[in-house]
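Student: sequence plus predicted model, see below.
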Amino acid sequence: MITVNYHKTCPNGQDLKLVINEQAVEINESADTTTLQYLRSTGLTGTKEGCASGDCGACTVMVGELNGGKVQFKTVNSCIVPIGQLAGMHIVTAEGLADQSGLHPVQDEMVACHGSQCGFCTPGFVMSLAAMVENGDPAKIETVQQGISGNLCRCTGYRPIVQAGMNALGRDYESRLQDPAFFKDTKSPSQGNVQQPLNESALREAMVQYPKASLIAGGTDLMLEVTQRYQHFERLIDVSRVMELRSITETQDTYCIGASVTYTELERFFAQRSQSLVSLLHRLGSRQIRNCGTIGGNLANGSPIADMPPVLICWGATVELCTSSGQTRGVSINEFYRGYRQTVLQADEYIAGIRIPKRSLDSFARFYKSSKRIEDDISSVMGAFLFQGDGSKITAARIAFGGMAATPVSLPGIEDILVGKTINKRLLSEVGEAIGEMMSPMTDVRASAEYRAAMARSMLERALNEFSGVSTPLVMELKLHA
């Protein structure tokens, strides 16, 4: 277990108000104090610290937010969520589930199904399952498996845990945690050293007032600077509540995705628009990560293993940037990256949104991900492919890869070879050889250059075969690395 004392008080900041296990509290913490650190420092030690990076789920808590008069709960990794981001919300930990009438249905079923051995991971599993019960999710095995995809167990195994979840979801249950009264007098748009603007005008004002403050949305990458590299942020500007950045709008020709839209929200929006993207999103982090992580954050951190950039390259997306003075510019996603973790973003700019041409979603598209684990893992290779044509003859093509080099890679040379050609074994062999010549994959702890090159060829061949109607083995799911 990792225990690092980076908890700092903030005597000059304002108190922030929130609810923890049905009790209204006011706290005064530094900008980068994580929710996990605060909870454990106040005696709520049922929430465990495992990886301190949002990977194992032992620190999972439920966070309730009042929306339209109804309380909606989501799970988050408390080890990488600043406590200041949760102002006005209701945090529920394992200690807050049971009441005088007895255990929560999930706790009860975990006991009945023998869902725990050493118990270290159990509170996290219980919170993930409890969130589904509180939200009234259907008692389907797929729902349970998705809900606990970010919780790791090394003792019990998942069968009894899944069964406990199914049983709990099937029970009649009236929750006391749904009371909107918990949220009375807890809202505040700006709390101490975590500024929380509610619109773009307030965001720009905060950027001018605090030019050295770091912007944070989901924090699933940024907060690793705190928990893994032990850095300190004096002040954060939280963009996760900026109304314009949280919205998805559409014009006659374009989908406009706000930069602070989460992956979970993207899943819902694209459910009937791109099943290929939804399938990829199910493998992009865990449910806890997707509840917090945002599309803008995925781009802004400049990571070469980010899964969304190759998709956006194939869709011909444009990144909308805005300065603290309100000046805007659009940058093609192909031109957004300049090097390893380097983008064209200037010091006083933020990502406002991403524009996706609607016509791109009408084309054949496939998004494949190769990783050591199916759920909640970083890509070794991520391939995105878009084709147009009559099923055998290609009239347009876009190909992009992530995880291969310091930046996402597009392959216009391969696209030129494919356009105007009919898909056959000869063409597959030709592009297979060409892709090996045009790419120089890196070698790191996740995969060798040889493995990445072979996987890229396999992904391209699979996409072409599926476009022409030929099924191929799911070679992308192999976990063997060269």
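Tutor: Arrived safely.

Student: residue contacts, T186?
Tutor: Contacts for T186 (Cβ atoms under 8 Å, 6 or more residues apart in numbering) come out as K17, L18, V19, A24, A87, G88, M89. Using the backbone N, CA and C atoms, a C-beta is placed for each residue, glycine as well.

Student: do that again at 7 Å, thanks
Tutor: By Cβ atoms under 7 Å, 6 or more residues apart in numbering, the contact set of T186 is K17, L18, V19, A24, G88.

Student: okay, now the domains of the chain?
Tutor: 16-183, 190-360, 370-477 (automatic domain parsing).

Student: could you pull out the buried residues of the longest helix anywhere in the chain?
Tutor: Selection of the longest helix in the chain by residue count, based on DSSP state H, yields helix 449-468. Within helix 449-468, the residues scored as buried using 16 or more other Cβ atoms under 10 Å are 451-464, 467-468.

Student: ok, now stretch 337-351?
Tutor: Within stretch 337-351, the residues that count as buried by 16+ other Cβ under 10 Å are Y337, T343, L345, E349, Y350, I351.

Student: thinking again about what came up before, now, of the contacts of T186, which are buried?
Tutor: Using 16+ other Cβ under 10 Å, the buried members of the contacts of T186 are K17, L18, V19, G88.

Student: out of those, which sit inside strands?
Tutor: If you go by DSSP state E, these have K17, L18, V19 in strands.

Student: can you put those in CSV and add distance to T251 and pLDDT?
Tutor: As requested, these are exported to CSV (distance: Cβ to Cβ, whole Å; pLDDT from 0 to 100):
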residue, distance to T251, pLDDT
K17, 39, 90
L18, 38, 93
V19, 39, 95
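
Student: got those residues as JSON lines, with distance to L299 columns?
Tutor: Shown next, in JSON lines, are those (distance: Cβ to Cβ, whole Å):
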{"residue": "K17", "distance to L299": "33"}
{"residue": "L18", "distance to L299": "30"}
{"residue": "V19", "distance to L299": "33"}
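
Student: tell me which of those residues is nearest to T318?
Tutor: L18 (37.2 Å; Cβ to Cβ).

Student: you'd agree the closest one is up against L86?
Tutor: Yes. The criterion here is Cβ atoms under 7 Å, and L18 meets it with L86 at 5.4 Å.

Student: any idea how far P309 is from G402?
Tutor: Per Cβ to Cβ, to the nearest Å, G402 is found 6 Å from P309.

Student: other SSEs contacting the longest helix of the chain?
Tutor: With contacts defined as 3 or more Cβ pairs under 7 Å, 6 or more residues apart in numbering; DSSP states H and E, the packing partners of helix 449-468 are strand 364-370, strand 381-389, helix 425-438.

Student: what sits against L266?
Tutor: Contact partners of L266, counting by Cβ under 7 Å, 6+ apart, are L281, I295.

Student: again, only this time at 8 Å
Tutor: I257, L277, L281, I295.

Student: what's the farthest-apart pair in those?
Tutor: Taking Cβ to Cβ, no two of those sit farther apart than I257 and L281, at 12.9 Å.

Student: check contacts around the residue lying farthest from the centre of the chain.
Tutor: Distance from the centre of the chain peaks at R426, with 39.7 Å (Cα atoms, centre = their mean). By Cβ under 8 Å, 6+ apart, no residues touch R426.

Student: next secondary structure after the worst-scoring helix or strand of the chain on mean pLDDT?
Tutor: Least confident helix or strand, the chain: strand 190-191 with a mean of 58, by mean pLDDT, DSSP states H and E. Using DSSP states H and E, the helix or strand that follows strand 190-191 in sequence is strand 194-195.

Student: alpha carbons of stretch 303-310, as PDB, please.
Tutor: Output of stretch 303-310 as PDB, limited to C-alpha atoms (Å, rounded to 0.1, in the frame of the first residue of the first chain):
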ATOM      1  CA  SER A 303      -0.200  11.700 -24.600                       C
ATOM      2  CA  PRO A 304       0.900   9.500 -27.500                       C
ATOM      3  CA  ILE A 305      -1.300   6.700 -26.100                       C
ATOM      4  CA  ALA A 306      -4.500   8.700 -25.900                       C
ATOM      5  CA  ASP A 307      -7.300   6.700 -27.600                       C
ATOM      6  CA  MET A 308      -9.400   9.500 -29.000                       C
ATOM      7  CA  PRO A 309      -7.000  11.300 -31.300                       C
ATOM      8  CA  PRO A 310      -6.800   8.500 -33.900                       C
END
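
Student: chain center to that stretch: distance?
Tutor: The chain centroid and the centroid of stretch 303-310 are separated by 12 Å under Cα atoms, centre = their mean, to the nearest Å.

Student: shouldn't L222 be in contact with I216?
Tutor: Yes. Using Cβ atoms under 8 Å, L222 makes contact with I216 at a distance of 5.4 Å.

Student: the more surrounded of these two?
Tutor: Legend: neighbour count by other Cβ atoms under 10 Å for L222 and I216, higher for I216 (26 against 21).

Student: from the chain's centroid, how far away is stretch 418-428?
Tutor: That offset, for stretch 418-428, works out to 36 Å (Cα atoms, centre = their mean).

Student: that stretch: which residues count as buried?
Tutor: The neighbour-count check on stretch 418-428 (16+ other Cβ under 10 Å) flags L418, K421, I423, L427, L428 as buried.

Student: what of stretch 261-270?
Tutor: Along stretch 261-270, these residues count as buried under the neighbour rule (16+ other Cβ under 10 Å): V261, T262, Y263, T264, E265, L266, E267, F269, F270.

Student: tell me which element T156 falls in.
Tutor: Using DSSP H and E, T156 falls within no helix or strand.

Student: do you know the pLDDT at it?
Tutor: On pLDDT, T156 comes in at 92.

Student: now this structure, which segments are flagged as low pLDDT?
Tutor: 1-14, 187-191, 471-482 (pLDDT under 70).

Student: the residue nearest to A406 when sequence neighbours are not counted: what's it in contact with?
Tutor: Distances taken as Cβ to Cβ, 6 or more residues apart in numbering put Y340 closest to A406, at 3.9 Å, once the chain neighbours are dropped. For Y340, the contacting residues are G302, P304, A406, T407, by Cβ under 8 Å, 6+ apart.

Student: what kind of secondary structure is the first one in?
Tutor: This points to G302. Secondary structure, DSSP: H, G, I helix; E, B strand; the rest coil: G302 is coil.

Student: quick check: closest non-adjacent residue to it.
Tutor: R341 is the one closest to G302 (Cβ to Cβ, 6+ apart), at 3.9 Å.

Student: the stretch 301-450 of the chain: helices as residue ranges?
Tutor: Using DSSP state H, counting those that start in this stretch, the helices of the stretch 301-450 of the chain run over 308-314, 333-336, 412-418, 425-438, 449-468.

Student: residues in contact with the second one?
Tutor: By that I understand helix 333-336. For helix 333-336, contacts defined as Cβ under 8 Å, 6+ apart pick out L299, P309, L312, I313, G316, A317, T318, V319, T343, V344, I354, S410.

Student: which residues does L460 contact?
Tutor: G383, F385, I399, I414, V431, G432, I435.

Student: partners of the second one in the sheet?
Tutor: Read it as F385. Counting by DSSP bridges, F385 is bridged to R366, I399.

Student: what about it, how many neighbours?
Tutor: 27.

Student: for S448, same thing?
Tutor: 15.

Student: also G43?
Tutor: 8.
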